[in-house]
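**Q** any chance you could fold what I've pasted below:
(one chain, ligands or ions: 1)
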Amino acid sequence: MHGQKSDPELHAPLNIPLRISANFGELRSNHFHMGLDFKTNKKEGYPIFSIDQGYVSRVRISPYGYGKVVYVNHPNGLTSVYAHCSKFNTMIDSVMQALQIEQNENEIDVFFTADEIEVQVGDLIAYSGNTGHSQGPHLHFEIRNTATQKALNPLLFGFEIADHISPEIMSLRIYSLTQEGYVIPGKIQKVTLPEKNKGQIIFADTLAIHPNFLCEEGNVGFSFDMQDLFDEESNLCGIYSSRLEIDDQLEFCQAIDSIDFTDSRYINNHMDYTAFTNDKRHFQKTFKTLGNPLEIYPCDQNGIKKIEANKVYHLAFSASDFKNNETKLSLNFQAESKAFMSCREIFPAEKYLFPDSSYSFENEKIRFLIAKNTFYEPVLKNLSLNTPFSIGDVDQPIQKTIAVAIKSPVSNSEKYYVQVITSGGIKKALKSSLLNGWINAESEYMGTFSLNQDKTPPTIAAYNFRIKDQKISKSEIYWKIQDATTSVQSYNLYVDGIWKPVYFDNKSYTIGYEIPEVFSGEHQFKVVASDQCNNTQIWEATLNID
Ligand SMILES: [Zn+2]
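**A** Alright, predicted model coming up:
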């Protein structure tokens, strides 16, 4: 099953034992985990080494996503990626700082050519950290195909991680499906499984599928709540491969070798989204809904199984990790009856929005624009073009953003933004722009939309020092910058009138300035911050540095 040969020449990215806290393909919110997370003893600052020779092809500094990240292109057509770094090596740090100063931009994404920053195998390129969207110090490590930028399973390249434990399969779900693999609303049957014994789960009784579960076409599909463990680690990871047979016929298979970043959000269709979002369960479907482009299903079968009522079927399922530790499940099932209703009648066109259509709904107050393949399955329309404006089902995910425009009550105000209230009553301030009297935004959520105002600038406060301090004897001073209504969009520090690069930590909402070695005496500090609606705050003080 493993697609590529491992390369014994690769250098480990860390010089501490490689312990995994998350593996490739693990289920995350709106994406698959695209690499391996290596533990760094809950600390920052471990040296990170290039796994092979090549050149630094890209370095990015962002408060979000990968934080501070280095990409290295290698001669064998692969790119290695090292994310959430605390800092880069001295050379990369000075190159990046010079570019930040040149552009007066804190957040930069720089691409380099092959002759700029060459690296040898094992060269120190950065230090591990916790920058960007990271829940604690670790190294997020990826291997990509340089040409396609698809993420590859790094375990294909031979990092030795001890694993002798087969996956856990906790429970399964049966779904009544249309021929396209759309789940019939409310037709989900939940089945708890007996415990695994020597890698086998045997469900002794014949499982009865509820009466009136199937529609006339009689299609079912399954999902399995599965996780995997590495030896001596408590972190639950994702499984690697699975295989479903019914009556000895292959119906579905999965192997997570490669994921395209543009497809990664299709995880919302690969897993049982509601179980993941509401119950933190990791149900992975063993059927492929029409339109799912993920390249993790290496056989032709789509797992959508047409069944007869009152006939016993035998299901054999197996799940494996990368080291081929396997858990097998055996189960008989039988449907008691079929409904007389066709699946097609379940989704009337006047009540639902469909994946294979594009939509535009508008009047003089509001416009909704929906591209084709925005939805994974038919979703309830819930359309209102009068206040409160609404569209769709708040509890369902979408693949593409919905364009929303609301007519501005005044012709020139940039202080307005579009707000969406989505699942659980959560309010999101959407990044909005004024154009021809309309406030425009892109929404990743369905829900209720309104026009709100933000006239309040961010707050800026001294974080680890006081303005009144006689002398400040810190190696680094911090400010906390927050915006109550929307979010902080820009932050700039000037020391004695000169712009200085800073990093915005999106977890503590702070920026820090490292005090230079020879710097004692009075200095003028100025911090300027703006929010999404261009409300600007200025903090100024003369500080006496020790
Ligand atoms: Zn990660």
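
**Q** so for M1, what's the pLDDT?
**A** Model confidence at M1, given as pLDDT, is 39.

**Q** so who does M271 touch?
**A** L27, S223, H282, F283, Q284, K285 (Cβ atoms under 8 Å, 6 or more residues apart in numbering). Yep, even glycine has a C-beta here, placed from its N, CA and C like the rest.

**Q** pretty sure the first one sits against H282.
**A** Put plainly, it is L27. Yes: if you go by Cβ atoms under 8 Å, L27 and H282 touch, sitting 5.3 Å apart.

**Q** need the overlap of contacts for those two.
**A** Contact with both L27 and H282 is made by residues G238, M271, F276, according to Cβ under 8 Å, 6+ apart.

**Q** among those, show me the least confident.
**A** At the low end of pLDDT for those is G238, which has 90.

**Q** how close does that one sit to E251?
**A** Here the distance between G238 and E251 works out to 21 Å (Cβ to Cβ, to the nearest Å).

**Q** ok so, going back, could you redo the contacts of M271 as TSV and give each row distance to the ion, pLDDT and secondary structure?
**A** As requested, the contacts of M271 are arranged in TSV below (distance: Cβ to the ion, whole Å; pLDDT from 0 to 100; DSSP: H, G, I helix; E, B strand; the rest coil):
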residue	distance to the ion	pLDDT	secondary structure
L27	13	94	strand
S223	24	98	strand
H282	16	95	coil
F283	22	97	strand
Q284	19	97	strand
K285	23	98	strand
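
**Q** buried only: go through these for me.
**A** Applying a neighbour-count criterion of 16 or more other Cβ atoms under 10 Å, the buried members of those are L27, S223, H282, F283, Q284, K285.

**Q** turn the residues you listed into JSON lines, columns for distance to F49.
**A** Rendered in JSON lines, the data for the buried ones among the contacts of M271 read as follows (distance: Cβ to Cβ, whole Å):
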{"residue": "L27", "distance to F49": "29"}
{"residue": "S223", "distance to F49": "40"}
{"residue": "H282", "distance to F49": "32"}
{"residue": "F283", "distance to F49": "38"}
{"residue": "Q284", "distance to F49": "34"}
{"residue": "K285", "distance to F49": "39"}
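
**Q** and whichever residue of the chain sits closest to the ion, how many neighbours?
**A** Proximity of the chain to the ion (Cβ to the ion) peaks at H140, 3.4 Å away. For H140, the tally of surrounding residues (other Cβ atoms under 10 Å) stands at 25.

**Q** so E444 sits against A403, correct?
**A** No: E444 lies out of contact with A403 (Cβ under 8 Å); the separation is 11.7 Å.

**Q** which neighbours do these two share?
**A** If you check E444 and A403 against Cβ under 8 Å, 6+ apart, no residue is contacted by both.

**Q** contacts for the longest helix anywhere in the chain?
**A** Longest among the helix segments of the chain by residue count, using DSSP state H, is helix 90-103. Under the criterion Cβ under 8 Å, 6+ apart, residues 56, 59, 61, 70, 87-88, 106, 108, 110, 117, 125-126, 499, 501 lie in contact with helix 90-103.

**Q** could you point out which element follows that helix?
**A** strand 109-111 (DSSP states H and E).

**Q** tell me which strands that following strand pairs with, and in which orientation.
**A** Sheet partners assigned to strand 109-111 using DSSP bridges are listed as strand 54-61 (antiparallel).

**Q** convert the C-alpha atoms of the partner strand to PDB, please.
**A** Coordinates of each C-alpha in strand 54-61 appear next as PDB, following Å, rounded to 0.1, in the frame of the first residue of the first chain:
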ATOM      1  CA  GLY A  54      18.800  22.200  -1.100                       C
ATOM      2  CA  TYR A  55      17.800  25.800  -0.700                       C
ATOM      3  CA  VAL A  56      15.500  27.900   1.300                       C
ATOM      4  CA  SER A  57      12.600  28.600  -1.100                       C
ATOM      5  CA  ARG A  58      10.200  30.500   1.100                       C
ATOM      6  CA  VAL A  59      10.000  32.100   4.500                       C
ATOM      7  CA  ARG A  60       6.800  33.500   6.000                       C
ATOM      8  CA  ILE A  61       6.100  35.500   9.100                       C
END
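
**Q** I'd like the mean pLDDT over that strand, please.
**A** For strand 54-61, the per-residue pLDDT averages 98.

**Q** for stretch 390-404, same thing?
**A** For stretch 390-404, the mean per-residue pLDDT is 97.

**Q** quick one: end-to-end distance for that stretch.
**A** Length of stretch 390-404, first residue to last, Cα to Cα, to the nearest Å: 10 Å.

**Q** give the buried residues for that stretch.
**A** Using 16+ other Cβ under 10 Å as the burial criterion, the residues of stretch 390-404 that qualify are 390-399, 401-402, 404.

**Q** next, give me the two most distant ones among these.
**A** Spatially, the most separated pair among those is S390 and Q399, at 19.7 Å (Cβ to Cβ).

**Q** quick check: residues of the stretch 1-150 of the chain near the ion?
**A** D37, H140 (Cβ under 5 Å from the ion).

**Q** quick one: low-confidence ranges for the stretch 1-150 of the chain?
**A** 1-8 (pLDDT under 70).

**Q** how about the strands in it?
**A** In the stretch 1-150 of the chain, the segments counted as strands under DSSP state E, counting those that start in this stretch are 20-22, 27-28, 31-32, 36-39, 47-49, 54-61, 68-73, 78-85, 87-88, 109-111, 118-119, 124-127, 138-145.

**Q** what's the first one in contact with?
**A** This means strand 20-22. Strand 20-22 is contacted from outside by H33, L36, D37, F38, K39, H138, I161, F230, E233, N235, C237, using Cβ under 8 Å, 6+ apart.

**Q** neighbouring strands of it in the sheet, and parallel or not?
**A** Looking at strand 20-22 with DSSP bridges, what it pairs with is strand 36-39 (antiparallel).

**Q** what of the third one?
**A** Strand pairing for strand 31-32, determined by DSSP bridges: strand 27-28 (antiparallel).

**Q** chain center to the strand it pairs with: distance?
**A** Counting by Cα atoms, centre = their mean, to the nearest Å, strand 27-28 is centred 7 Å from the centre of its parent chain.

**Q** so where's the stretch 201-350 of the chain uncertain?
**A** Within the stretch 201-350 of the chain, no stretch falls below the threshold (pLDDT under 70).

**Q** the strands in it, which residues?
**A** Under the criterion DSSP E, counting those that start in this stretch, strands of the stretch 201-350 of the chain are mapped to 219-227, 241-246, 249-255, 258-259, 283-285, 305-306, 312-320, 326-335.

**Q** can you lay out these as CSV showing distance to S80?
**A** Shown next, in CSV, are those (distance: least, Cβ to Cβ, whole Å):
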stretch, distance to S80
strand 219-227, 27
strand 241-246, 24
strand 249-255, 22
strand 258-259, 15
strand 283-285, 28
strand 305-306, 41
strand 312-320, 26
strand 326-335, 30
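
**Q** which one of the ones you listed lies closest to V81?
**A** Distances from V81 to each of the strands of the stretch 201-350 of the chain were compared using Cβ to Cβ; the shortest belongs to strand 258-259, at 13.5 Å.

**Q** so what's the gap between the closest one and the chain middle?
**A** Put simply, strand 258-259 sits 14 Å off its chain's centre (Cα atoms, centre = their mean).

**Q** alright, I will stop here.
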